[in-house]
Every structure is written in C-alpha cells, then in structure tokens.
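Chemist: generate a structure from the sequence data that follows.
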Amino acid sequence: MKETLPGAGIRASRLYRVEAGDFVYNRLFAWKGSFAVATDEHDDCFVSNEFPCFRVDESRLDGQFLWRYLSRVSAWTEALGLSTGGTPTSRNRLKEEKFLGMTIPLPSLAEQRRIVAKIDQLAAKIAEARGLREQATAATAHLLDGEAGDRLTCAGATRVGDFLSIQSGYAFKSEWFAEQGIRLVRNVNIGHGSIDWGQTARIPMERRDEFARFALDVGDILVTLDRPIISTGVKVARVTDADVPSLLLQRVGRVQFKSKAVVPEFFFAWLRSRQFVGAIDPGRSNGVPHIAPKDVESIPFAPPPRAEQRRIVAYLDDLQAKVDRLKALQAQTAAELDALLPAILDKAFKGEL
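Modeler: Sure thing, here's the model as predicted:
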C-alpha cells in the first residue's frame, strides 16, 4: 500500500471510496505486483484514480483467488507488456481496460477456495520458518555480543588516555577537493570494521606533503567522532593496504598508542563492543551526535596482560568465523524460503497443488 494521507494532503481533483472486499491495484506499479484486496481496515478510505477499485462478482470469483493469481511473477510480466505511457512519469501504467482484458483461469468457487486455503496454509508455514530463521539470526548476534562483552570488560582505575591518544583529522576545505588526487577518509567512509570508498573526496596529490601528519598507515584504527554509534553498530575501521595513500579528515579520530601495553587488535575489538557503546552513551542504542577525543580518552580502561589480550582476540576471531559460516547458511535458507511461495503459486495455477 502507498502512504496514508489526510484528505487535505491529496491533490487529486476526484477521489473514489474504497469498500472492504474491493480489488485494488496501482496503475503505475502493477508490473511490480501492486495488487490487493481491501480489508475492513480500508473500508471507507478514499483513493485517487491511480488506484482503480473493482467490486468482485462473488458468485463467480473469490477475491483472494484473483489476488494470488496476480501475485505470480508471470502475471507481473504480462502487466508490464500491457502497460503504456508517454512520459518518464507515466510509462508502465496499466490502464483499466488493459487490466480487465487480462485472462484468468476460473474453476468453481469451491475449487478456488480450496486453492486459496492450500496456498494460505503453505504461506503460513513459510512465514513461520522465516520467523524462526530471524530468531536464530538474532540469537546468533546476541551470543557474539554477549561473549565479546564478557571478555572485553576492562573497567578499572586507569583510563583509555593512559595508554593511547585520539588524533583528530584536519579540516580540509571543500574548495580544495579535486577529481583526482589523494583520498580523504571522512565520516561517511567509516564502516563497521572497514573503510568504504563508495563516496570519495580527494585533494591534489601535490599537496600531500603539506599534511604528512595526517597521512594514514596500514593498521591504523579509526573511529568516527560524529554519530559513532548507529542502528547497525559502531563505526570504527582499520586501514588496509587498499586504503593507502590517504589522509585523515576532521571529525574522524586515529588511535595513537603510547606504549605496547595494549594489543591493537584487542583495542579494536573493544571499540566495537557494548563496553565502548555503554561508556560513551549509557542506556541508548543510537549513539550521541558527537564525541570528542577527550571523551574516548577519559573512559575507564584497564586491559589484561598482553598474552591474555591475544588469547581473547583469538577466541573472538574463531567465534566470529563460526558466526559468519552460520550467517551464510541462514542467508541460503532465506533465499530458499523466498523462492518457495512463487513456486507454490505456479504449481497452484497449473493444477498441481
């Protein structure tokens, strides 16, 4: 369904009232499967002429049977072939006369209802299986988070700043940006563990030496200082061979260790853990708009001995590898579940169900 608007927000000069049981489709997106049967929830709502409404002759046709028939990819392809339009905004519009000209099989009402009931039964089982898969995915993520959190608890008398400092990047001016040159690591480039160069800003390569203090090295740990925590996790990254040469832009921080007391891999894992999240933004999951280097440096942090740090990192890496394999299997299962209903629909309307 398209978004719901108050009457004052609809610009159409003429509206049509929807009644429960009406068959409705979107003329512009019929080729994407935009068909529906109105329910009691939609009774007495209004639509523009872009959403034609039809009363179903219930003595001959079950509305749910029609909807299921038009839920097949082959029906969408047929709708696309029948759609027309003379402008970029109107092309692929399925007009009413073309829609009414589409042919459908019409077994007895009893057979239609049997087919719909069978499809609904199988669809419910697919939905249940999809729900169980989603629960398993969430449980897997919770397990990894819990294991990491338990092992990365580093509260104590010392603080992050006793072991390292956070260097903020340089405020490169946008008017310096160029099509070619050395890349700048910005907030938008910091992903969850790695740097994403999908949106790349550069300054001319001949200016590189002016900013040698901000040149990044392989292995550097970076944390975004603007919205470091988003719904999908903490935005921290490690610099790889593929990321250099590059320079550090303002509002991205680089970790600079003061001694060898902290294993870089351990601190990188800690930055991605709930311990760090809770320390900079207790009780919230979406993060604070900004943090400063001193905010990170002031967090209580008492790491275990280096040998223990390495052991923890090795354990978490092994667990992550197992989780990744499980996620791959879950993704394969999801793809198989997504393919089940279309296959069921095809069988149903070929008389094989």
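
Chemist: low pLDDT regions in the stretch 201-350 of the chain?
Modeler: For the stretch 201-350 of the chain, applying pLDDT under 70 flags the ranges 281-288.

Chemist: let's see that with 80 instead.
Modeler: Applying pLDDT under 80 to the stretch 201-350 of the chain picks out residues 231, 281-289.

Chemist: can you list phi and psi of the residue in the chain sticking out farthest from the centre for me?
Modeler: Distance to the chain centre peaks in the chain at S59, reaching 44.5 Å (criterion: CA atoms, centre = their mean). The phi/psi pair for S59 (degrees, to the nearest 10) reads phi -80, psi -20.

Chemist: pLDDT score for it?
Modeler: Note for S59: predicted pLDDT of 94.

Chemist: and it, what does it touch?
Modeler: L109 (CB atoms under 8 Å, 6 or more residues apart in numbering). C-beta coordinates here come from the backbone N, C-alpha and C atoms, glycine included.

Chemist: again, but for V56
Modeler: 21-23, 62-63, 66.

Chemist: need the contact list for the residue nearest the centre of the chain.
Modeler: The C-alpha lying nearest the average C-alpha coordinate of the chain belongs to T232 (CA atoms, centre = their mean; 8.3 Å). By CB under 8 Å, 6+ apart, the contact list for T232 reads H192.

Chemist: how near is it to Q275?
Modeler: Distance, T232 to Q275, using CB to CB, to the nearest Å: 18 Å.

Chemist: for D346, same thing?
Modeler: 51 Å.

Chemist: using PDB, write down the CA coordinates of stretch 236-249.
Modeler: Taking C-alpha atoms only, stretch 236-249 is exported to PDB below (Å, rounded to 0.1, in the frame of the first residue of the first chain):
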ATOM      1  CA  VAL A 236      35.200   2.100  13.500                       C
ATOM      2  CA  ALA A 237      37.600   0.800  10.900                       C
ATOM      3  CA  ARG A 238      41.100  -0.400  10.300                       C
ATOM      4  CA  VAL A 239      43.300   0.800   7.500                       C
ATOM      5  CA  THR A 240      44.400  -1.800   4.900                       C
ATOM      6  CA  ASP A 241      46.800  -1.800   2.000                       C
ATOM      7  CA  ALA A 242      43.900  -0.900  -0.200                       C
ATOM      8  CA  ASP A 243      43.200   2.300   1.800                       C
ATOM      9  CA  VAL A 244      46.500   4.000   1.400                       C
ATOM     10  CA  PRO A 245      47.700   6.500   0.500                       C
ATOM     11  CA  SER A 246      45.000   8.600   2.300                       C
ATOM     12  CA  LEU A 247      44.700  11.500   4.700                       C
ATOM     13  CA  LEU A 248      42.600  11.900   7.900                       C
ATOM     14  CA  LEU A 249      39.800  14.400   7.700                       C
END
